[in-house]
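Colleague: Any chance you could fold what I've pasted below:
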Amino acid sequence: MKNGKKKIRLALALVFVLVVAAVVGYFIFIRKNEGTPLGQVTQAEPIKFYSQLDGTVVAEAGQVPRVVGVMVDNHPDARPQQAGLSKASIVYEALAEGGITRYLAIFTASSSVEKVGPVRSARPYYLDWIREYGESPYMHCGGSPEALSLISRLGLFSLNEFVYSDYYWRDNKYYVPHNLFTNSSLWEKVLAKQGAQRPTKEWSGWLFEKTPSTSTSSVSAATIRYDSYYKVGWKYDGKQYVRTINGVGHLDAGAPITADTIIIQEVGTKVIDDVGRKELDTIGAGDLRVLKHGTMVRGIWKKESVTGRTKFFDQAGQEIPLAAGHIWVEVVPVKTPVEITS
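Modeller: Numbering: from 1, shown residues only. Modelled structure (predicted):
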């Protein structure tokens with residue numbers, strides 16, 4: 001009799017434990033799925049893939065993006081009709097002659113861009129940057145003797161307007177040479193004809209952050225004095241950096257030019273002829289500043305070979321993760337005055 005009562009007590013205790021466990025499990029489930037409509041089961045976050053060009057989200061993983069580089073005029077007479085810079089994933093700015101800079105605008109070949117230009121001539125150091133992106137079309141109108149010689153000797157994927165005029169047009173509302181333009185429809189035609197013979201080659205991307213990093217170095221603006229008559233400004237508006245030239249907003253087809261990452265890269269620079277053409281030390285190492293999310297990181301850049309990727313490292317030697325989106329690389333001579341505003 002006693003054994004029977006003991007078994008009953010044990011059975012009741014076991015039932016009690018199971019009931020308590022079920023109730024606790026139910027409330028844990030409810031807390032985890034709080035806010036989920038009745039009858040729906042929460043799903044895992046979808047897997048995201050990121051572009052090795054600019055860190056933005058893309059549809060598929062493992063794609064090596066084909067890019068197109070376009071030389072863009074920055075003479076004062078060209079600025080009112082500038083177009084396409086705000087659509088570029090990456091823009092390199094460096095001095096040409098006469099204290100005036102020129103741009104190399106990098107686009108994904110699949111991007112839709114209605115108008116890019118005015119298109120101008122090649123310089124050797126821009127070739128060092130376009131070659132970081134594998135076998136990529138380089139659109140330009142003529143070039144310095146050294147640049148044209150390098151393009152020919154190296155067999156680069158050059159789309160010189162002197163040879164490929166069908167892929168450009170002149171807007172007669174503006175004066176030559178500040179009136180030559182191209183667009184994505186035209187470079188797509190080139191790739192449809194020549195792309196198979198010049199397939200995309202592997203190239204290395206930069207490191208991009210998946211979430212905004214934090215820094216104690218708060219920076220609201222930077223001003224770069226390329227020349228006594230030419231000053232570039234970037235001001236953080238809480239989301240992006242807004243660009244100015246000589247204190248006036250820099251517009252692209254009427255819209256402000258903005259960026260998510262600004263890289264200020266110091267390079268050795270010297271004048272090599274009477275025209276004022278320059279030689280830039282793009283291979284080696286030097287000082288840099290990286291601006292992102294209203295902060296600044298100091299460090300060094302390194303490029304080990306002509307086709308090697310320029311990489312950016314902090315003072316501890318770690319590669320700096322860039323903010324995804326539009327990136328401007330401001331290539332400046334060593335000791336160029338740069339004013340940083342906290």
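
Colleague: Now Asp171. Nearest residue, chain neighbours left out?
Modeller: Nearest residue to Asp171 in three dimensions, chain neighbours excluded: Asn179, at 4.9 Å (CB to CB, 6 or more residues apart in numbering). Glycine gets a C-beta too; all of them are placed from N, C-alpha and C.

Colleague: what sits against that neighbour?
Modeller: Neighbouring residues of Asn179 by CB atoms under 8 Å, 6 or more residues apart in numbering: Gln81, Pro118, Arg170, Asp171, Asn172, Lys173.

Colleague: residue contacts, Ala122?
Modeller: Neighbours of Ala122 in contact, by CB under 8 Å, 6+ apart: Met71, Tyr138, His140, Gly142, Gly143, Ser144, Ala147, Leu148, Ile151, Ser158, Asn160.

Colleague: what comes into contact with stretch 154-166?
Modeller: Counting by CB under 8 Å, 6+ apart, 119, 122, 127, 130-131, 135-143, 148, 150-151, 167-168, 180, 186-187, 190, 194, 198 sit against stretch 154-166.

Colleague: In that stretch, which residues are buried?
Modeller: Leu156, Phe157, Ser158, Leu159, Asn160, Glu161, Tyr164 (16 or more other CB atoms under 10 Å).

Colleague: Give me the subset of those lying in helices.
Modeller: Assigned to helices by DSSP state H, none of the buried residues of stretch 154-166 qualify.

Colleague: Redo the contacts of Asn179 as JSON lines? Include distance to Val219, secondary structure and neighbour count.
Modeller: Formatted as JSON lines, the contacts of Asn179 follow (distance: CB to CB, whole Å; DSSP: H, G, I helix; E, B strand; the rest coil; neighbours: other CB atoms under 10 Å):
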{"residue": "Gln81", "distance to Val219": "32", "secondary structure": "helix", "neighbour count": "17"}
{"residue": "Pro118", "distance to Val219": "32", "secondary structure": "coil", "neighbour count": "28"}
{"residue": "Arg170", "distance to Val219": "41", "secondary structure": "strand", "neighbour count": "16"}
{"residue": "Asp171", "distance to Val219": "38", "secondary structure": "coil", "neighbour count": "14"}
{"residue": "Asn172", "distance to Val219": "44", "secondary structure": "coil", "neighbour count": "8"}
{"residue": "Lys173", "distance to Val219": "40", "secondary structure": "coil", "neighbour count": "7"}
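
Colleague: Closest to Ser111 out of these?
Modeller: Using CB to CB, Pro118 comes nearest to Ser111 of these, at 19.2 Å.

Colleague: Grab the nearest non-local neighbour of the closest one.
Modeller: Asp73 (4.1 Å).

Colleague: What is the burial count for that neighbour?
Modeller: Per other CB atoms under 10 Å, the neighbour tally for Asp73 reads 23.

Colleague: tell me the two of the contacts of Asn179 that are most distant?
Modeller: Counting by CB to CB, the most remote pair of those is Pro118 and Asn172, 12.7 Å apart.

Colleague: circling back to that earlier point, let's see the ChimeraX selection covering just the buried ones among the contacts of stretch 154-166.
Modeller: Buried members of the contacts of stretch 154-166, defined by 16+ other CB under 10 Å, are picked up in ChimeraX with:
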select :119,122,127,130,131,135,136,137,138,139,140,141,143,148,150,151,167,168,180,186,187,190,198
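
Colleague: Can you pick out the ones from the contacts of Ala122 that are in strands?
Modeller: Mapping the contacts of Ala122 onto strands (DSSP state E) picks out Met71, Tyr138, His140, Ser158, Asn160.

Colleague: tell me the domain ranges of the protein?
Modeller: Domain segmentation of the chain under automatic domain parsing yields 49-194, 221-341.

Colleague: Can you check the pLDDT for the residue lying closest to Gln82 once chain neighbours are set aside?
Modeller: Spatial nearest neighbour of Gln82, excluding adjacent residues (CB to CB, 6+ apart): Asp252 at 5.8 Å. Asp252 is assigned a predicted lDDT (pLDDT) of 94.

Colleague: quick one, phi psi at Asp252?
Modeller: Phi and psi for Asp252, reported as degrees, to the nearest 10, are phi -120, psi 110.

Colleague: Check the spacing between it and Leu85 real quick.
Modeller: Distance, Asp252 to Leu85, using CB to CB, to the nearest Å: 5 Å.
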